[in-house]
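> got a sequence here, can you model it:
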Amino acid sequence: MDSDIDFARAKRLRRLVFGLAALFLVALTVGTSLVFAGYPGFGITLVALSPLALVAAGVLLYRG
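Okay, the predicted model is just below:
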């Protein structure tokens, strides 16, 4: 019974971490595209805030 709970918890954690990594890549890509498309304010904001997704993923991995 405990192994099922541990498996579900690990699966949820993996999904969250990969989702946050994907969010980082999307924010970085869209932010860079916005900078080159002539919207530097929005683009730089997205590029600057995108590492927060990696920090959140690291915190999730550290806390388990």
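
> and the spatially most central residue of the chain, what's its pLDDT?
The centre of the chain sits closest to Leu20, judged by Cα atoms, centre = their mean, with a distance of 2.2 Å. Per-residue pLDDT puts Leu20 at 92.

> repeat that for the one 5 residues further on.
pLDDT, Leu25: 95.

> cool, and the one 10 residues further on?
Turning to Val35, the model gives it a pLDDT of 95.

> okay, now it: neighbour count?
Residues near Val35, counting by other Cβ atoms under 10 Å, number 16. All C-beta spots, glycine's among them, are computed from the backbone N, C-alpha and C.

> secondary structure element for it?
helix 2-36 (DSSP states H and E).

> next one: Asp6 from Leu13, what distance?
10 Å (Cβ to Cβ, to the nearest Å).

> more neighbours, the two?
Taking neighbours as other Cβ under 10 Å, Asp6 and Leu13 compare with Leu13 leading, 15 against 10.

> mind listing what's buried in the helix holding Val35?
By neighbour count on 16 or more other Cβ atoms under 10 Å, the buried set for helix 2-36 is Val17, Leu20, Leu23, Phe24, Ala27, Leu28, Val30, Gly31, Leu34, Val35.

> quick one: name whatever helix or strand follows it.
According to DSSP H and E, the helix or strand after helix 2-36 is helix 40-49.

> give me the mean pLDDT for that next one.
93.

> chain center to it: distance?
16 Å (Cα atoms, centre = their mean, to the nearest Å).

> could you find the closest non-adjacent residue to Leu54?
Closest residue to Leu54 apart from its sequence neighbours, by Cβ to Cβ, 6 or more residues apart in numbering: Phe24 at 5.3 Å.

> check contacts around the one you found.
Shown in contact with Phe24 (Cβ atoms under 8 Å, 6 or more residues apart in numbering): Ser50, Pro51, Ala53, Leu54, Ala57.

> select only the buried ones of these in PyMOL?
To isolate the buried ones among the contacts of Phe24 in PyMOL, judged by 16+ other Cβ under 10 Å, type:
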select buried, resi 50+53+57
